[in-house]
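Student: below: sequence and its predicted model.
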Amino acid sequence: MKLSTKILIGLALGLVSGIAYSLIDQSTLGFIPGLIEPVGSLWVNAIRMTVIPLLMALLVTAIAGQHTSNQVATLGGKTIALFVVMILGSALLALLAAPPLIALLDIDPAASQALLQSTGSRVIAVSELPPFRDWLVELIPANPFAAAVDGPILPLLIFTGLFSVALLQVGSQHREIVVNFFAAIKDAMFVLIAWIMAVAPIGIFALVFPLAATLGLSAITVLGSFIFIVCSLTVVLMLLLYLLAWFGAGIPLRKFARSVAPVQAIGFSTRSSLASLPATYAATEQLGIPEKVSGLVLPVAVTLFKFASPLARTAGTYFIASLYGIDLNLWELGVIALAIALLSFYSPGIPSGGLLIMAPVYLSLGLPVEGIGILIAIDLIVDMFLTAANVTANVTATALLARFHDTNP
């Protein structure tokens, strides 16, 4: 049996058995989720420990080992441009589909008020959004070694990219020493990742089971209906990526689906594009994408590219406006979609940071910022679908760039 099939089976078993557990008497078996959950955490930590060395090795070998300065600039420009276009497409789908679907929700004023009182205060407990000035200044790390230890990925990515371009300007003898060093690190990381992926079905089961056991079969409520709408739209957006890979990149649907399935399962269960990076890179290899493209595009994608975020966050904003009884005109709907799309590139590494970036939009349009607390309360489920769509978009974008970028030196 293929590993991808085993991973999907582990995901399904975790969901089904967790829901079944939530339906039985837990007075004597209440300890089971607590026993299983650490296994999932250990597996995620094992993946995460490979991410930073792998990310640096991919960038150095892709840029300094296979590119010229002009090629780096050209591919980098095409990458950012494609990300912007795809992000705007995600926002457009939210603008067209979310308002009519949310309008179908029958929101009882009394239930709405109770919901606001019970969850609206959650936003207070979350860290404040860092000022844009601080975020901008910290993009250039004063100490790249501290960045590698503390884990701020974007500053480390910028340093590694600049370091790799600088290597192109030194003698070939010295450059080859550094490139070979990072190539050896990359090869060693893939051996380690192969060991970790061998137990992926167990790790994914251990991640999903406690979550399903806690959530159970939630009652159909306004929140449940909204979650269904957002997750359904995210699935539609993800299916559009299959068509884009087929028509745009020329990849057969079956081959693409088979390659991205393990990546989606890992993204869904870990809710982390970074944790999915090793599997994402493996998927691009299966699709025959040149390393000189994937090695540069994927590190940028997992750091900056949050493809499905505009769809979910824009729909969430429309939902909050409906919950508070605020009518938005077409202009305001469009402004919200565009603003959240552009702000998606600025997502700080704090809990629910992707949601808190919407605060300026809420303030500028007079929407209640407290409503963000409601979205935070339900973000767990939504984020699982978001991450699955995001990692699919990372593979799709890399495939598109590989087809239309000249990889010859």
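Tutor: Thanks, I have it.
Student: roughly how far does L136 sit from T160?
Tutor: 19 Å (CB to CB, to the nearest Å). From N, CA and C alone the C-beta is placed, and that goes for glycine too.
Student: looking at those two, which is more packed in?
Tutor: T160 (23 against 10; other CB atoms under 10 Å).
Student: isn't that one right next to M56, touching?
Tutor: Yes - contact criterion CB atoms under 8 Å: T160 and M56 qualify, at 4.9 Å.
Student: mind listing what's buried in the helix or strand hosting A265?
Tutor: Following DSSP states H and E, one finds A265 within helix 253-270. Across helix 253-270, burial judged by 16 or more other CB atoms under 10 Å covers 256, 258-270.
Student: what's in contact with that helix?
Tutor: 3-4, 7-8, 10-11, 14, 40, 44, 47, 197, 200, 203-204, 207-208, 242, 245-246, 273, 275-276, 279-280, 282-283, 286-287, 384-385, 387-388, 390-392, 395, 399 (CB atoms under 8 Å, 6 or more residues apart in numbering).
Student: out of the helices and strands in the chain, which is least certain?
Tutor: When the helices and strands of the chain are scored by mean pLDDT, DSSP states H and E, helix 109-119 comes last with a mean of 54.
Student: which residues does the closest residue to L15 other than its chain neighbours contact?
Tutor: Spatial nearest neighbour of L15, excluding adjacent residues (CB to CB, 6 or more residues apart in numbering): A212 at 5.0 Å. Contacts for A212 (CB under 8 Å, 6+ apart) come out as 14-19, 21-22.
Student: try 6 Å
Tutor: 15, 18-19 (CB atoms under 6 Å, 6 or more residues apart in numbering).
Student: now swap in S322 and tell me
Tutor: S322 neighbours (CB under 6 Å, 6+ apart): I102.
Student: now the residue nearest to L15: how far from G30?
Tutor: 15 Å.
Student: now V391
Tutor: V391 is 34 Å from G30, by CB to CB.
Student: got it, and A166?
Tutor: 57 Å.
Student: ok, which stretches of the stretch 101-250 of the chain are helices?
Tutor: 109-119, 132-137, 144-150, 153-167, 172-198, 200-215, 222-247 (DSSP state H, counting those that start in this stretch).
Student: just how off-centre is the third one within its chain?
Tutor: Going back to what we said before, that points to helix 144-150. When distances are taken as CA atoms, centre = their mean, to the nearest Å, helix 144-150 is centred 22 Å away from the chain's centroid.
Student: please save the CA atoms from that helix in CSV.
Tutor: Provided in CSV are the C-alpha atoms of helix 144-150 (Å, rounded to 0.1, in the frame of the first residue of the first chain):
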residue,chain,number,x,y,z
PRO,A,144,20.5,35.7,11.6
PHE,A,145,21.6,32.9,14.0
ALA,A,146,19.1,34.2,16.5
ALA,A,147,16.5,34.2,13.8
ALA,A,148,17.3,30.6,13.1
VAL,A,149,16.9,29.7,16.8
ASP,A,150,13.8,31.8,17.5
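Student: report the mean confidence score over it.
Tutor: Averaging pLDDT along helix 144-150 gives 72.
Student: now for it, which elements pack on it?
Tutor: Applying 3 or more CB pairs under 6 Å, 6 or more residues apart in numbering; DSSP states H and E, we find helix 144-150 packed against helix 153-167.
Student: show me what the helix it packs on is packed up against.
Tutor: So helix 153-167, by 3+ CB pairs under 6 Å, 6+ apart, packs with helix 32-63, helix 144-150, helix 291-304.
Student: what's the mean pLDDT across that helix?
Tutor: pLDDT averaged over helix 153-167 gives 83.
Student: residue ranges with poor pLDDT in the stretch 201-350 of the chain?
Tutor: 214-223, 346-350 (pLDDT under 70).
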